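> no sequence on hand, only this structure:
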């Protein structure tokens, strides 16, 4: 009996050290500090403190300041064998993966020392083999969109969020929020070069180039001051009424119609800058031109107001 009790005690100690028995001290030792959503240091920040409390901060403003959006205590749920972040009557599950990432409310958080401002670090167009006639990725403020070269133009294939992990890993992952597997995983080679993890494809950043002409985006950033848009009408891509379109409502909501899909979101206007926050969490920024009759995005694509009958 004495040997059995000693064996059980040994098992309990091993489990406790692994953090599986709800050892709060052990969990905090692994997680105390700041964590950024998707490894984007300008995005939401989760702070775990040594006293067993947590705080969630919103995205940083133009001055780099943040405000607390939620907070509470950390406990262990023995039934589901997971850590829970409690806030009032709400309980949010949280787990730390074998790779050392935090999964909080279904989102991936990366330790502060492995995070970067993804917009500052990766914004731009990344072309296959550095050839502006080839397929490319557009990275913007932690979001991505992939374009395939088709004839004389490009076709948008997919889009989603970026996850970055620096340190020794230096890995950039393009995820589609509606897919189980990543769209692509890259190793960060240098400031302007990434390659797929299997080494089969290399993408080089060609910042500020029009995907069709290779010229700079002369119109983007030079819109009309205090401009406005026309609500209740369509803005068609390249002015063609059978193409992708934006439709703005007077309640500051917007629909983006593409083949077999409609994106919904909200928009705001600041001077000549039109910002759209999609329900998926992605953000689009366009400039308002020609007294509101045209819009241009950062890659030089134009949306033009439908002609009145």
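Sure thing, it's come through. Note that this is a predicted model, so its numbers are computed, not measured. Residues are numbered from 1 along each chain as shown.
> where in the protein is pLDDT low?
1-22, 151-152, 207-226, 239-243, 298-300, 307-309 (pLDDT under 70).
> show me it divided up by domain.
19-113, 118-205, 234-305 (automatic domain parsing).
> for residue 228, which of those domains is the nearest?
domain 234-305 (5.2 Å; C-beta to C-beta). Every residue, glycine included, has its C-beta placed from N, CA and C.
> mind checking the end-to-end distance for that closest one?
6 Å (C-alpha to C-alpha, to the nearest Å).
> and what of stretch 268-275?
5 Å.
> okay, strands next: where are they in the stretch 51-200 of the chain?
Under the criterion DSSP state E, counting those that start in this stretch, strands of the stretch 51-200 of the chain are mapped to 53-57, 68-77, 82-87, 90-96, 102-104, 107-111, 124-128, 136-140, 143-150, 153-165, 171-175, 184-190, 193-196.
> what's the closest of those strands to residue 260?
That would be, of those and by C-beta to C-beta, strand 153-165, which comes in at 12.7 Å.
> show me what the closest one is packed up against.
The contact analysis (3 or more C-beta pairs under 8 Å, 6 or more residues apart in numbering; DSSP states H and E) places strand 153-165 against strand 107-111, helix 118-122, strand 143-150, strand 171-175.
> listing partners with orientation, what would you give for that strand?
strand 143-150 (antiparallel), strand 171-175 (antiparallel) (DSSP bridges).
> could I get those strands as CSV with mean neighbour count?
Below are the strands paired with strand 153-165 laid out as CSV (neighbours: other C-beta atoms under 10 Å):
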stretch, mean neighbour count
strand 143-150, 18
strand 171-175, 21
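> nearest to residue 85, of the ones you listed?
Nearest of those (C-beta to C-beta): strand 171-175, 22.6 Å.
> hang on, the earlier thing: so which of the strands of the stretch 51-200 of the chain is the most packed in?
Scoring the strands of the stretch 51-200 of the chain by mean neighbour count under mean count of other C-beta atoms under 10 Å gives strand 136-140 as the most buried, with a mean of 23.
> wait, residue 93 touches residue 79, no?
No: look at residue 93 against residue 79 with C-beta atoms under 8 Å: they stay out of range, at 11.7 Å.
> any idea how far residue 306 is from residue 81?
As judged by C-beta to C-beta, to the nearest Å, residue 306 and residue 81 stand 56 Å apart.
> neighbour-wise, which of those two wins?
residue 306 (15 against 11; other C-beta atoms under 10 Å).
> how about the contacts made by the more buried one?
233, 234, 235, 236, 241 (C-beta atoms under 8 Å, 6 or more residues apart in numbering).
> filter the residues you listed down to the buried ones.
With burial judged by 16 or more other C-beta atoms under 10 Å, the buried subset of the contacts of residue 306 is 234, 235, 236.
> now do the phi/psi pair for the first one.
Dihedral angles of residue 234 (phi, psi; degrees, to the nearest 10) stand at phi -90, psi 140.
> make 53 the starting number, not 1.
Okay, residue one is now 53; in that scheme the one you just asked about reads as residue 286.
> who's it bridged to?
The partner residues for residue 286, given DSSP bridges, come to residue 299.
> what residues are up against it?
Per C-beta under 8 Å, 6+ apart, neighbours of residue 286: 293, 297, 298, 299, 357, 358.
> next, work out how far apart it and residue 356 are.
9 Å.
> same question for the last one.
Taken as C-beta to C-beta, the spacing of residue 288 relative to residue 356 amounts to 6 Å.
> same question for residue 323.
On the measure of C-beta to C-beta, residue 323 and residue 356 end up 20 Å apart.
> when those two are compared, which one has more neighbours?
Taking other C-beta under 10 Å, residue 323 and residue 356 do not tie; residue 356 has more neighbours (20 against 12).
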